[in-house]
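A.B. asks: A structural model of the following input is requested.
(2 chains)
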Amino acid sequence: MTDLNDLKYTSDHEWVLIDEDPAEGVDAGGVVVGITAYAADKLGDVVFLELPEVGTAVAAGEVVGEIESTKSVGELISPVDGTVTEVNERAVEEPELLNSDPFGDGWLIKVTVAEVPADLLSLEQYREVTGE
Amino acid sequence: MTERLSPLDAIHRAAGATFTDFAGWQMPVRYSSDLAEHKAVRTAAGLFDLSHMGEIVVVGPEADRALDYALAGKLSASAEGQAKYTLLLARHGGVIDDLVVYRTGADRYLVVANAANVAHVADELRARTAPFDCEVFDESDDMALIAVQGPKALDILTSTAGFGIQGDGNDHDDFVDAVSGMKYYRAVAAEFAEQPVLVARTGYTGEDGFELYVSPDQAPALWEALAEAGEAHGLVPAGLASRDTLRLEAGMPLYGHELTRDTFPAQAGLGRVVALGKEVDFVGRAASEEGPAADAPVLVGLASEGRRAGRAGYALFDGEGADASEAGVITSGALSPTLGHPIAMAYVAPRHAATGTTLYVDVRGTRIAASVVDLPFYRREK
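C.D. replies: Here you go, the predicted model:
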């Protein structure tokens, strides 16, 4: 179980796990990105994911993917500048993982970064954004 | 605008529902999962709160003639206890709202309107029925609506304690007989805990089911009783998100999507709902007789492969390339939970409307092939 205090957040409802967990298989300088449980709940049942290809250069604030639920379409906005190194193919096959385990098996992409943006939110700050 | 709450609001909150604004009402959009709720309605049953819907009573010796003039259908032909799907037309022939009208007595009708249109429908009915000997009462605030929908709906209703038929001393067996023998689009004046409840075999999911009109005071007890009796039958509370995918699979139009003031009923495949055969004049008659222009768009079903659904507002093209012309627009679309592929309803030019025609949906910049198919997408086995 991921400790939510170990993650950083964006006001667009992405979470960012910054590197350094060998078990997660993230290269040094890399981050893991997913969407929060709050975002998954708001979307409803996720049924389709479109994620960037490995090797794609992404920029913070840029739309890099789509998350479709039964009712609506959500955007995946990159929280960082960098290059996609891995895509969660299991989540593409089983999009329901975003609802059942958004902070774990429902992760979306891994990105190498030169530096982590300073304006990411703590859990406490993120909860102020969602009011929950 | 003040946010309106259902009389069942506390029950929904306790059940952990997610809410959405629905015509000024905070209504449950889902309790757990849209897909699970959708599937429960197809295989067992779902319990819906539809208290945001509008209930307007038209009563008086000339209520039947008044409604024949005000509405597209021939309401005077309804027997007591019969329900009819009908339309409130504008003079120019467009649809102001789609309605279910129950004849609840010789001189009494219950008109059920969409939440967003209630005030407008009540005003129109008052104005149109003014020359007749009848009165119009908007009783929306005094009526809650609970629906039990799905193949187990009858079993659930008949195993719920507290029902009886109005005026016969609350005999449960009589209630069971009455609802078991009831045909689709019929209703019976019943009682729950000795309070009146109209039990109708109607719905908006493509399944068998019942809709129960009850006072707001009584609604929580009725909901709890149905939920308790339904547990053994797989009944789950179901939100408005699942209701939307259910009605889409069943090919049922939704006001504001498939039906608007600019839509002629004939374009939506509802030409038969306009009773041109009735002997009297009615609002919208002249325009309906003339009909829509020959090239006016018509409603079709679309089915595609994969998982990316075209959604309301997405454009349709007659080819994949940049030189393709626009062929129409989607009014409702989703990945069908029952069928497993995307489905949509769309208005297309008549030359693109033949079954089997291939059109291309612009899904946020990608063209996805879709075939015109017959509606409904899903039909329950009887």
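A.B. asks: gap between the two ends of stretch B:50-61?
C.D. replies: Using C-alpha to C-alpha, to the nearest Å, one end of stretch B:50-61 lies 30 Å from the other.
A.B. asks: Just the buried positions in the helix or strand encompassing residue B:288, please.
C.D. replies: Using DSSP states H and E, residue B:288 sits within helix B:285-290. For helix B:285-290, burial by neighbour count (16 or more other C-beta atoms under 10 Å in any protein chain shown) applies to B:285, B:287, B:288. To be clear about C-beta, it is placed using only N, CA and C from the backbone, and glycine gets the same treatment.
A.B. asks: Counting neighbours, what do you get for residue 8?
C.D. replies: I'll assume chain A. When counting by other C-beta atoms under 10 Å in any protein chain shown, one arrives at 21 neighbours for residue A:8.
A.B. asks: Oops, wrong one, chain B.
C.D. replies: 24.
A.B. asks: quick one: the helices in the chain?
C.D. replies: Unless you meant another one, I'm taking chain A. Secondary structure of chain A (DSSP state H): helices located at A:37-43, A:89-93, A:97-100, A:123-130.
A.B. asks: hm, I was asking about chain B
C.D. replies: Going by DSSP H, chain B shows helices at B:9-14, B:34-43, B:63-70, B:118-129, B:153-158, B:172-180, B:219-230, B:240-249, B:285-290.
A.B. asks: Which residue ranges of chain A form strands?
C.D. replies: Using DSSP state E, the strands of chain A run over A:8-9, A:14-18, A:30-35, A:46-50, A:57-58, A:63-69, A:73-77, A:82-87, A:109-112.
A.B. asks: So for chain B, which of those strands sits nearest?
C.D. replies: When the strands of chain A are compared by C-beta to the nearest C-beta, strand A:46-50 sits nearest chain B, at 4.3 Å.
A.B. asks: Give me the contacts around the closest one.
C.D. replies: Outside strand A:46-50, the residues that touch it by C-beta atoms under 8 Å, 6 or more residues apart in numbering or on different chains are A:40, A:65-70, A:91-92, A:95-96, A:98-99, A:108, B:35, B:307-309, B:335.
A.B. asks: closest point of the stretch 251-382 of chain B to chain A, which residue?
C.D. replies: In the stretch 251-382 of chain B, the residue that lies nearest chain A is residue B:307 (4.3 Å; C-beta to the nearest C-beta).
A.B. asks: Does that residue touch residue B:337 like I think?
C.D. replies: No. Residue B:307 lies out of contact with residue B:337 (C-beta atoms under 8 Å); the separation is 11.6 Å.
A.B. asks: Between the two, which has more neighbouring residues?
C.D. replies: Neighbours were counted for residue B:307 and for residue B:337 using other C-beta under 10 Å; residue B:337 has more, 23 against 15.
A.B. asks: Got the phi and psi for the more buried one?
C.D. replies: phi -60, psi -30 (degrees, to the nearest 10).
A.B. asks: hmm, back to that, can you say which of the strands of chain A is packed in most?
C.D. replies: Highest mean neighbour count among those (mean count of other C-beta atoms under 10 Å in any protein chain shown): strand A:30-35, with a mean of 24.
A.B. asks: Give the pairing partners of it; include direction for each.
C.D. replies: Sheet pairing here is set by DSSP bridges, and for strand A:30-35 it gives strand A:14-18 (antiparallel), strand A:109-112 (antiparallel).
A.B. asks: quick one: low-confidence parts of the chain?
C.D. replies: The chain I'm using is chain A. By pLDDT under 70, the low-scoring segments of chain A are A:1, A:19-28.
A.B. asks: oops, I was thinking of chain B
C.D. replies: Residue ranges of chain B with pLDDT under 70: B:1.
A.B. asks: What parts of it come near chain A?
C.D. replies: Proximity of chain B to chain A, by C-beta under 8 Å from any C-beta of the partner chain, involves residues B:18, B:29-30, B:33-35, B:38, B:241, B:244-245, B:307-309, B:311, B:334-335, B:337, B:364.
A.B. asks: Please indicate which of these are buried?
C.D. replies: Buried by 16+ other C-beta under 10 Å: B:18, B:29-30, B:33-35, B:38, B:241, B:244-245, B:308-309, B:311, B:334-335, B:337, out of the residues of chain B next to chain A.
A.B. asks: separation between residue B:206 and residue B:150?
C.D. replies: 10 Å (C-beta to C-beta, to the nearest Å).
A.B. asks: which one of those two has more residues nearby?
C.D. replies: residue B:150 (31 against 22).
A.B. asks: ok now do the residue nearest to that one when sequence neighbours are not counted, which residues does it touch?
C.D. replies: Take residue B:150 and drop its neighbours on the chain: the residue closest to it by C-beta to C-beta, 6 or more residues apart in numbering or on different chains is residue B:45, 3.2 Å away. With contacts taken as C-beta under 8 Å, 6+ apart, residue B:45 has the following neighbours: B:148-153, B:156, B:209, B:230, B:233-236.
A.B. asks: What of residue B:69?
C.D. replies: With contact set as C-beta under 8 Å, 6+ apart, residue B:69 has these partners: B:128, B:129, B:132, B:280, B:281, B:282, B:283.
A.B. asks: Quick check: the spatially closest residue to residue B:195 that is not a sequence neighbour vs residue B:288, distance?
C.D. replies: Using C-beta to C-beta, 6+ apart and skipping the chain neighbours, the partner closest in space to residue B:195 is residue B:218 (4.8 Å). With distances taken as C-beta to C-beta, residue B:218 is found 40 Å from residue B:288.
A.B. asks: Residue B:155 now?
C.D. replies: Distance of residue B:155 to residue B:288, given as C-beta to C-beta: 42 Å.
A.B. asks: Close to chain B: what parts of chain A are there?
C.D. replies: Counting by C-beta under 8 Å from any C-beta, chain A sits next to chain B at A:41-42, A:44-45, A:47-48, A:50, A:66, A:68-73, A:99.
A.B. asks: Find the residue closest to residue B:125 in space, skipping its chain neighbours.
C.D. replies: Spatially, and ignoring its direct neighbours in sequence, residue B:125 is nearest to residue B:136 (4.8 Å; C-beta to C-beta, 6+ apart).
A.B. asks: Give me the neighbour count for that neighbour.
C.D. replies: Going by other C-beta under 10 Å, the residues that sit close to residue B:136 add up to 24.
A.B. asks: Identify the bridge partners of it.
C.D. replies: Under the criterion used here (DSSP bridges), residue B:136 is bridged to residue B:58.
A.B. asks: surely it meets residue B:57?
C.D. replies: Yes. Between residue B:136 and residue B:57 there is a contact at 7.4 Å, judged by C-beta under 8 Å.
A.B. asks: hang on, the earlier thing: in TSV, list the contacts of residue B:45 along with distance to residue B:375.
C.D. replies: TSV is the format used below for the contacts of residue B:45 (distance: C-beta to C-beta, whole Å):
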residue	distance to residue B:375
B:148	25
B:149	19
B:150	21
B:151	22
B:152	26
B:153	23
B:156	29
B:209	20
B:230	30
B:233	30
B:234	28
B:235	28
B:236	27
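A.B. asks: and stretch B:352-368, which residues are buried?
C.D. replies: Residues of stretch B:352-368 classed as buried: B:352, B:353, B:357, B:359, B:360, B:361, B:362, B:363, B:367, B:368 (neighbour count, 16+ other C-beta under 10 Å).
A.B. asks: residues in contact with the residue nearest to residue B:129 when sequence neighbours are not counted?
C.D. replies: Spatially, and ignoring its direct neighbours in sequence, residue B:129 is nearest to residue B:66 (3.8 Å; C-beta to C-beta, 6+ apart). Neighbour list for residue B:66: B:58, B:60, B:128, B:129, B:132, B:134 [criterion: C-beta under 8 Å, 6+ apart].
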